[in-house]
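S.K.: predicted model and sequence below, questions to follow.
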Amino acid sequence: MITKLTRRAALTAMAAASALSIATAPVSADGHKMTFTLATSGSETDQRSVAMAEVFAPMVSGFADYQAGYNGTLFAQGTELEAIAGGNLTMSIASAQELAQFFPEFSIFATGYVHQDAAHQCVFNDPLMDPFKQTVEDELGVKLLSVMYLGRRHVNLRQTRDELDVQTPADLAGVNLRMPGTDAWQFLGSALGASPTPLAFSEVYTSLASGAIDGQDNPLPTVVDQKFYEVTKQISLTSHLVDLNYIAFSAETWNSLTPDQQITVQRAADAAASYGRLKQLDKENNLADFIRSQGVEIYTPDLAAFREHVQAQYVGSETAAAWPEGVLDRINELGN
């Protein structure tokens, strides 16, 4: 089960954290380096992980050692932000859906068919994001450094297309579609027309293989990285979410850095995000043929039907009620 977090739980953990936590220890008097620990549910070969290891880590190596835990081994998926707040972790690759568990207004960045493409995620650098970032830092002790591109999420199913041809949301009725366990993810799964099933990312492959779930949604690079093509038969290119993650960093550690170190960390995060975005886009654009060669059929459904249905589910919903006035309009203005 994925732990459901609350703002109260995180703030309680943060208040109880030890100031001597290894994860956030400053440079000692004898000049020893601090340690930046990162927890992610992604694999070591995930482009976000690669970007952090190959770009971020070398750029901060003058004053910090970088240690990463992959596949949810250091902290389970969904608990990383609480670990940062509690002083037990320096960094994570956090989703808007996870942040929405603490701050419901973040659900706007996890809404189907809002972001148009990778470039549209420049929203992160627009002034509209400033109050969002400040709230997370002030109330959770987490500083959002940069935005990482995960990719266009599609519906990936065990059934053959002869058994189930997904052209509209109505075709997903009764389909047990794995979605992470947060409210924002579950709402999106329902909006797609499916029966969303909360499940840890590390359990997706075996659950697909056993038939415990019918499908999962992820970008094509993740399908390849996790070898989901071995246990599925089709991908309907719904493109229902141009997904993003944030490089989340301990505010306590940030405040212990010198101004020059802070500049270096920020530049390293931005460089890693840019590198990862380009690599992910390249993989996303070149993996369809490989996936097809593995016996998985890939096709494009009625996108207009999906877009209209999904967005209609948010209108008047409790989820949308948490969005600050005018933010959705501003996001749309920043699009193409």
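M.R.: Perfect, I can see it now. Numbering: from 1, shown residues only.
S.K.: name the single longest helix found in this structure.
M.R.: Under DSSP state H, the helix in the chain containing the largest number of residues is helix 259-286.
S.K.: which helices and strands sit right next to it?
M.R.: Under the contact definition 3 or more C-beta pairs under 8 Å, 6 or more residues apart in numbering; DSSP states H and E, helix 259-286 sits against helix 47-51, helix 57-60, strand 142-157, helix 220-225, strand 234-250. (Glycine included, C-beta is placed from N, CA and C.)
S.K.: could those go into CSV alongside mean pLDDT and mean neighbour count?
M.R.: Formatted as CSV, those follow (pLDDT from 0 to 100; neighbours: other C-beta atoms under 10 Å):
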stretch, mean pLDDT, mean neighbour count
helix 47-51, 96, 23
helix 57-60, 98, 17
strand 142-157, 97, 25
helix 220-225, 95, 22
strand 234-250, 97, 24
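S.K.: quick one: closest of those to residue 289.
M.R.: Among the helices and strands packed on helix 259-286, the nearest to residue 289 by C-beta to C-beta is helix 220-225 (10.6 Å).
S.K.: ok, and what's touching that closest one?
M.R.: For helix 220-225, the external contacting residues (C-beta atoms under 8 Å, 6 or more residues apart in numbering) are 42-43, 45-47, 150-152, 154, 156, 228-229, 232, 235, 280, 283-284, 287-288, 290-291.
S.K.: got the CA positions of it in CSV?
M.R.: Provided in CSV are the C-alpha atoms of helix 220-225 (Å, rounded to 0.1, in the frame of the first residue of the first chain):
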residue,chain,number,x,y,z
LEU,A,220,6.9,5.2,-23.5
PRO,A,221,10.4,5.5,-22.0
THR,A,222,9.0,4.1,-18.7
VAL,A,223,7.3,1.3,-20.5
VAL,A,224,10.7,0.3,-21.9
ASP,A,225,12.8,1.0,-18.8
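S.K.: what about the helices in the stretch 51-200 of the chain?
M.R.: Residue ranges of the helices in the stretch 51-200 of the chain, as given by DSSP state H, counting those that start in this stretch, are 57-60, 80-85, 96-102, 130-140, 183-191.
S.K.: out of the ones you listed, which one sits most buried?
M.R.: Of all the helices of the stretch 51-200 of the chain, helix 80-85 carries the top mean neighbour count, a mean of 27, counting by mean count of other C-beta atoms under 10 Å.
S.K.: what bridges to the residue nearest to the spatial centre of the chain?
M.R.: Centroid-nearest residue in the chain: residue 95, 3.3 Å away (criterion: C-alpha atoms, centre = their mean). Taking DSSP bridges as the rule, residue 95 bridges to residue 245.
S.K.: is it possible to export the helices of the stretch 51-200 of the chain to a markdown table including distance to residue 257?
M.R.: Below are those laid out as a markdown table (distance: least, C-beta to C-beta, whole Å):
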| stretch | distance to residue 257 |
| --- | --- |
| helix 57-60 | 10 |
| helix 80-85 | 15 |
| helix 96-102 | 23 |
| helix 130-140 | 14 |
| helix 183-191 | 32 |
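S.K.: where in the chain is pLDDT low?
M.R.: For the chain, the stretches flagged by pLDDT under 70 are 1-31, 336.
S.K.: any idea how it splits into domains?
M.R.: Using automatic domain parsing, the domain ranges for the chain come out as 7-150+243-284, 153-242+287-325.
S.K.: need these in CSV (columns: distance to residue 332).
M.R.: Shown next, in CSV, are these (distance: least, C-beta to C-beta, whole Å):
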stretch, distance to residue 332
domain 7-150+243-284, 8
domain 153-242+287-325, 11
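S.K.: now do stretch 134-142: distance to the chain's middle.
M.R.: Distance of stretch 134-142 from the chain centroid (C-alpha atoms, centre = their mean, to the nearest Å) equals 18 Å.
S.K.: quick one on the thing from earlier: of all the helices and strands packed on helix 259-286, which one is nearest residue 188?
M.R.: Comparing the helices and strands packed on helix 259-286 against residue 188 with C-beta to C-beta, the closest turns out to be strand 234-250 (6.8 Å).
S.K.: next, the angle helix 259-286 makes with that closest one.
M.R.: Angle, strand 234-250 to helix 259-286, by axes from the mean of the first three to the mean of the last three C-alpha atoms, to 10 degrees: 180 degrees.
S.K.: could you name the helices and strands sitting against strand 234-250?
M.R.: With contacts taken as 3+ C-beta pairs under 8 Å, 6+ apart, strand 234-250 sits against helix 80-85, strand 91-95, helix 96-102, strand 142-157, strand 215-218, helix 259-286, strand 297-299, helix 303-314.
S.K.: name the residues that touch the shortest one?
M.R.: The set of residues that contact strand 297-299 without belonging to it, under C-beta under 8 Å, 6+ apart, is 160, 161, 233, 234, 235, 236, 237, 288, 291, 292.
S.K.: in that strand, what's buried?
M.R.: For strand 297-299, a neighbour-count test (16 or more other C-beta atoms under 10 Å) marks 297, 298 as buried.
S.K.: so what are the sheet partners of that strand and their directions?
M.R.: strand 234-250 (parallel).
S.K.: dump the next helix-or-strand element following the strand it pairs with to CSV, restricted to CA.
M.R.: Next in sequence after strand 234-250, counting helices and strands by DSSP states H and E, comes helix 251-256. Provided in CSV are the C-alpha atoms of helix 251-256 (Å, rounded to 0.1, in the frame of the first residue of the first chain):
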residue,chain,number,x,y,z
ALA,A,251,15.0,23.8,2.9
GLU,A,252,17.0,23.2,6.0
THR,A,253,20.0,22.0,4.0
TRP,A,254,19.5,24.9,1.5
ASN,A,255,19.7,27.4,4.4
SER,A,256,22.9,25.8,5.6
